[in-house]
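K.L.:
Sequence first, then the predicted structure, then my questions.
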Amino acid sequence: MFKKTLLLAAVLSTLLACNSQAKVIHSTWVGGPSGQWHENDNWDPFVFMSDGPENMFGDSYVVTINKPPLNIDEVTVGLSRGTIIDRLDCYGKVNLENWSDYYVWLTIPQSNPPYPPEPNCLANHGDLNIDDRINITADVRNLPGATLVFGEHIKGEHINIFGNLYNEAGATILCDAGEVLIRDGSLVNAGMVMITPHSGLSVYKRLYNSGRIEIYGGECSADDILDNDSVGTIEGFGVVYAGRPLINKGRVYASGGSLAVATEGQVSNLGVIGNSPGASLNIKIIDIPGNETNYLLADANNLGKIEVNAGGSVVFDCNLVNDPNALINLLGGTVAAEKITQKPGATLQGFGGITTDVLISPDGIIKFTGPTNIVGDVNISEGATLEVSDGTTLITGHCTCNEGTIHMIGGAIILQGGFTNNNCRIVWEPGLYTNVADFNLDGKVNLKDFAYFADTWLWESLVH
């Protein structure tokens with residue numbers, strides 16, 4: 001009994017001694033161009049009673065991986081099993097790879113404010129490539145001027161981040177293959193994010209963008225709110241998805257192909273959305289079975305600007321409401337929706353195509369300044385105005401004018417689907433550049449035009 005008591009006392013005193021000597025150890029990579037994390041000789045200071053830096057016995061490790069001071073371009077550090085440390089700082093070109101047949105964990109527990117000199121995280125100061133099949137339980141910070149690559153040596157599997165991903169101003173993130181899953185945090189981007197074909201960036205919480213996200217055939221998604229700030233840009237071709245409201249205060253633009261934007265929430269545009277010439281932007285509100293709030297989300301609201309360039313389109317797979325002080329600018333392209341409602345004080349102008357029914361609310365106005373086709377019905381409410389100048393507007397559906405105004409300024413309207421005139425005010429006047437009475441197209445309206453018209457009319461009368 002006495003011996004057992006002495007043995008327990010010795011173990012306890014050893015543990016107390018270890019705890020009293022617990023400290024933060026700053027460990028630096030000295031393993032050359034390539035080596036295992038879990039080899040003591042690869043670190044300075046030498047790691048005692050462990051295989052590489054790993055928190056144990058109360059000690060914690062702050063790890064730095066630097067480019068070696070020799071003629072070596074990059075460093076490759078292989079993880080063959082999981083490890084727990086307090087912080088990892090990478091400088092120069094570093095490859096963090098999985099050298100096992102299974103997923104490995106790099107765990108950095110979060111520090112609570114007030115932080116030590118710097119918060120616990122994985123911080124990239126240089127050019128860091130992270131291999132697939134690595135689970136990172138930590139916040140990841142890509143600092144100004146740094147480049148973070150997911151998938152340079154990827155094998156088609158996932159990279160999982162259980163924390164937040166911060167891409168700071170002047171920093172770049174490249175998703176090059178496979179899928180990066182930010183499973184337990186948000187993406188806060190103030191720099192550049194590039195997503196290449198066959199790759200994706202999925203955020204399980206919120207995506208806040210005040211930088212630039214370029215999509216080249218890949219996918220960018222957020223299960224919660226996708227908030228594109230006033231200085232943020234999302235551009236390219238591929239897929240953008242938001243599980244909750246899609247709020248654009250910056251710029252969302254299709255370029256190089258088709259950009260599909262889908263959301264289970266509401267679409268609110270307070271910035272600019274549009275297409276580059278030849279590209280197509282498609283916006284869809286997804287009706288999820290069992291989502292009782294979807295009936296509130298039937299409309300997309302434009303409170304900013306929609307630009308529709310030639311050779312392409314901006315398509316809403318829902319109703320589009322053009323709200324007061326908002327602008328839809330047709331620049332030769334086509335805008336489509338289930339229905340477009342033009343509110344008073346809103347602007348819809350330009351030339352091109354509209355593929356949907358159009359409702360001009362009381363006191364609202366639409367101005368076409370060139371050849372325009374409307375494939376759908378047009379309803380002009382009381383006090384509303386449809387103005388056509390310098391070209392012909394073709395309406396394939398039925399046009400109904402209820403005490404509104406059709407104003408032609410050097411232009412014309414072809415009502416191919418018929419016309420219901422309920423006290424409609426129809427006004428015609430010559431335009432600045434064109435005049436439908438200029439029959440001989442000499443830029444002037446005079447008796448020569450009358451003679452040209454009479455000659456044509458008499459000829460047709462004699463023929464028939």
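P.N.:
Received the coordinates, thanks. Numbering: from 1, shown residues only.
K.L.:
ranges for the helices of the stretch 201-350 of the chain?
P.N.:
For the stretch 201-350 of the chain, no helices are identified by DSSP state H, counting those that start in this stretch.
K.L.:
Could you list the low-pLDDT ranges of it?
P.N.:
288-298 (pLDDT under 70).
K.L.:
hey, which strand is longest across this structure?
P.N.:
The longest strand of the chain (DSSP state E) is strand 327-342.
K.L.:
from the middle of its chain, how far away would it be?
P.N.:
21 Å (Cα atoms, centre = their mean, to the nearest Å).
K.L.:
In terms of secondary structure, what does that strand contact?
P.N.:
Applying 3 or more Cβ pairs under 8 Å, 6 or more residues apart in numbering; DSSP states H and E, one finds that strand 327-342 contacts strand 305-309, strand 313-316, strand 319-322, strand 347-360, strand 365-374. (C-beta placed from N, C-alpha, C; glycine too.)
K.L.:
and the residue nearest to the spatial centre of the chain, what does it touch?
P.N.:
Centroid-nearest residue in the chain, with Cα atoms, centre = their mean: residue 234, separated by 4.0 Å. Residue 234 sits next to 209, 212, 213, 215, 220, 228, 240, 248, 250, 251, 252, 253 when contact means Cβ atoms under 8 Å, 6 or more residues apart in numbering.
K.L.:
ok, and the closest non-adjacent residue to the second one?
P.N.:
Counting by Cβ to Cβ, 6 or more residues apart in numbering, the nearest residue to residue 212 once its immediate chain neighbours are dropped is residue 233, at 4.7 Å.
K.L.:
The last one too?
P.N.:
Counting by Cβ to Cβ, 6+ apart, residue 235 is the residue found nearest to residue 253 once chain neighbours are left out, at 4.5 Å.
K.L.:
Wait, residue 175 touches residue 148, no?
P.N.:
No - the pair residue 175 / residue 148 is not scored as a contact, 9.6 Å apart, by Cβ atoms under 8 Å.
K.L.:
So for the nearest residue to residue 365 once chain neighbours are set aside, what's the pLDDT?
P.N.:
Distance criterion Cβ to Cβ, 6+ apart; nearest residue to residue 365, sequence neighbours excluded, is residue 385 at 4.4 Å. We have a pLDDT of 97 for residue 385.
K.L.:
State the phi and psi torsions of residue 385.
P.N.:
Main-chain dihedrals, residue 385, degrees, to the nearest 10: phi -140, psi 130.
K.L.:
thinking again about what came up before, residues of the longest strand of the chain that come out buried?
P.N.:
327-337, 339-342 (16 or more other Cβ atoms under 10 Å).
K.L.:
go on, stretch 119-127?
P.N.:
Result for stretch 119-127 [16+ other Cβ under 10 Å]: buried residues 120, 121, 122, 123, 124, 125, 126, 127.
K.L.:
starting at the chain centroid, how far to it?
P.N.:
Per Cα atoms, centre = their mean, the centroid offset for stretch 119-127 relative to its chain is 25 Å.
K.L.:
Would you mind writing the CA trace of that stretch as PDB?
P.N.:
Once non-C-alpha atoms are left out, stretch 119-127 reads as follows in PDB (Å, rounded to 0.1, in the frame of the first residue of the first chain):
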ATOM      1  CA  PRO A 119      -5.400  35.000 -33.400                       C
ATOM      2  CA  ASN A 120      -5.000  31.200 -33.800                       C
ATOM      3  CA  CYS A 121      -5.400  30.400 -37.500                       C
ATOM      4  CA  LEU A 122      -3.700  29.100 -40.600                       C
ATOM      5  CA  ALA A 123      -2.200  32.300 -42.100                       C
ATOM      6  CA  ASN A 124      -0.800  32.400 -45.600                       C
ATOM      7  CA  HIS A 125       1.800  35.100 -46.400                       C
ATOM      8  CA  GLY A 126       3.100  33.700 -49.600                       C
ATOM      9  CA  ASP A 127       2.100  31.100 -52.200                       C
END
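K.L.:
any idea of the mean pLDDT in that stretch?
P.N.:
95.
K.L.:
which outside residues touch it?
P.N.:
Residues lying outside stretch 119-127 but in contact with it, judged by Cβ under 8 Å, 6+ apart, are 67, 74, 86-94, 106, 108-111, 136, 138-143, 145-149, 163, 171.
K.L.:
at 7 Å what do you get?
P.N.:
86-94, 108-111, 136, 138-143, 146-148 (Cβ atoms under 7 Å, 6 or more residues apart in numbering).
K.L.:
Would you verify that residue 41 is located in a helix?
P.N.:
Yes - according to DSSP: H, G, I helix; E, B strand; the rest coil, residue 41 belongs to a helix.
K.L.:
Now do it, the pLDDT please.
P.N.:
Value for residue 41, per-residue pLDDT: 90.
K.L.:
Over to the closest residue to it other than its chain neighbours: give its phi and psi.
P.N.:
Among residues not flanking residue 41 along the chain, residue 31 sits closest, at 7.2 Å (Cβ to Cβ, 6+ apart). Phi and psi for residue 31, reported as degrees, to the nearest 10, are phi -90, psi 10.
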